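>>> mind looking at a prediction? Sequence and model below.
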Amino acid sequence: MPAVPLLPALAARARSSAHASVDDCVCGTATLADRADATVVRHAGTVAKAHAPDTDAGALAPRLVTAAHLPDVLLPPLTPTPASLHGRLVTFWPYGTPVDADDPDAAPWEAAGTLLARLHRAAAPTPLPPMRGPAKAARAVARLRAAGPHPAVADVLRAWDTLPAWARAEAPMPDGTTVCHGDLHLGQLVRHPAPDGPWRLIDVDDLGVGVPAWDLARPAAWYACGLLPPEEWTRFLTAYRQAHGPAVPADGDPWPDLDVPARALTVQSAARALTKVLAGGGRPLDEVERSLVDACARMGSLPPQLAPNSAT
């Protein structure tokens with residue numbers, strides 16, 4: 001009998017997880033994501049996620065335990081033990097209402113800042129692997145190097161080369177104790193219980209210990225590139241500080257702590273954008289892509305600020 005493809009098999013697992021009996025089920029199943037690194041489906045109030053094929057079970061396990069232990073910050077899994085399907089690790093989660101991308105004025109910047117501060121101040125219930133942010137940035141740069149020539153590639157690589165070794169995943173991070181999300185953006189927040197419960201952080205694939213400023217870096221990078229309005233950046237940073245987040249000082253200039261991670265996220269975003277452009281035949285850069293590349297060009301000629309006591 002031929003194997004059932006991953007997506008319908010995952011949908012069936014979500015359905016069986018959502019219902020004690022599926023005989024009379026009339027719920028539809030929705031595909032929330034279907035990428036090489038994750039396939040996610042929803043059935044009723046259950047979400048099933050097939051993680052990337054190279055996901056390390058030994059690293060995922062403590063991440064799930066941590067999510068279960070911090071339900072006021074992270075969306076807790078329905079079970080802390082992953083299943084296996086088509087050679088992929090599968091986890092099950094309660095459904096939460098995502099951020100409305102069509103209503104930017106309602107973006108939950110205060111909730112994002114507050115949740116990050118709580119996460120950064122939390123004690124991990126079990127030893128965690130390193131947060132994967134720098135490794136993902138390094139992977140994006142490696143893919144750009146292999147993607148082919150483009151006039152902007154040199155600027156992106158030059159900006160990357162100015163970063164300290166830890167930000168390029170070539171050395172241990174200077175903080176090995178703070179719990180970090182590793183890939184914070186507004187798509188990582190949901191309301192649970194749906195539809196209008198409190199906000200929670202989702203996606204533990206990159207969760208681990210490391211430099212907490214990395215979790216503030218994507219909004220910081222977009223603000224520095226002119227892609228995030230100052231008011232929204234201020235809302236986010238103020239909420240983080242008011243919740244006593246340790247990544248930046250309680251007042252004053254936060255940039256000495258944010259500069260290196262923000263530069264790394266700018267390079268990562270530019271590298272991903274250019275890789276897609278090259279894969280699509282080399283179309284002209286759009287406004288956002290050009291802003292990221294231009295920022296890399298500026299960064300390549302100006303060394304980054306280094307936080308006090310940080311590794312070089």
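Received it, and whenever you're ready, just let me know what you need.

>>> so who does the residue nearest in space to the middle of the chain touch?
Note on the chain: the residue nearest the mean C-alpha position is residue 183, at 1.9 Å, using Cα atoms, centre = their mean. Residue 183 is in contact with 132-133, 136, 203, 205-206, counting by Cβ atoms under 8 Å, 6 or more residues apart in numbering. Quick note: C-beta positions are derived from backbone N, CA and C, even for glycine.

>>> which of the helices or strands spans residue 278?
helix 255-279 (DSSP states H and E).

>>> packing partners for that helix?
helix 133-147, helix 153-161, helix 214-224, helix 287-299 (3 or more Cβ pairs under 8 Å, 6 or more residues apart in numbering; DSSP states H and E).

>>> quick one, helices of the stretch 51-200 of the chain?
With helices called from DSSP state H, counting those that start in this stretch, the stretch 51-200 of the chain shows them at 57-69, 109-121, 133-147, 153-161.

>>> relative to residue 279, which of those is closest?
Nearest to residue 279 among the helices of the stretch 51-200 of the chain is helix 133-147; the distance by Cβ to Cβ comes to 6.9 Å.

>>> residue 72 reaches residue 119, doesn't it?
No. Using Cβ atoms under 8 Å, residue 72 is not in contact with residue 119, being 10.0 Å away.

>>> low pLDDT regions in the stretch 1-150 of the chain?
Applying pLDDT under 70 to the stretch 1-150 of the chain flags the ranges 1-4, 21-24.

>>> all strands of it, in order?
Using DSSP state E, counting those that start in this stretch, the strands found in the stretch 1-150 of the chain span residues 29-35, 38-43, 46-51, 83-85, 88-94, 97-98.

>>> can you lay out those as JSON lines showing distance to residue 195?
Shown next, in JSON lines, are the strands of the stretch 1-150 of the chain (distance: least, Cβ to Cβ, whole Å):
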{"stretch": "strand 29-35", "distance to residue 195": "15"}
{"stretch": "strand 38-43", "distance to residue 195": "13"}
{"stretch": "strand 46-51", "distance to residue 195": "15"}
{"stretch": "strand 83-85", "distance to residue 195": "27"}
{"stretch": "strand 88-94", "distance to residue 195": "13"}
{"stretch": "strand 97-98", "distance to residue 195": "5"}
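
>>> would you mind finding the most buried of the ones you listed?
strand 46-51 (a mean of 24; mean count of other Cβ atoms under 10 Å).

>>> paired strands for it, with orientation please.
Strands that pair with strand 46-51, judged by DSSP bridges, come out as strand 38-43 (antiparallel), strand 88-94 (antiparallel).

>>> for residue 194, find the nearest of those.
Once the strands paired with strand 46-51 are compared by Cβ to Cβ, strand 88-94 is nearest, at 8.1 Å.

>>> what about that closest one, distance to the chain center?
17 Å (Cα atoms, centre = their mean, to the nearest Å).

>>> mean confidence score for the helix holding residue 278?
For helix 255-279, mean pLDDT is 97.

>>> what sits against the spatially closest residue to residue 240 that is not a sequence neighbour?
Residue nearest to residue 240 in three dimensions, not counting chain neighbours: residue 113, with 3.7 Å by Cβ to Cβ, 6 or more residues apart in numbering. Neighbour list for residue 113: 235-243, 245 [criterion: Cβ under 8 Å, 6+ apart].
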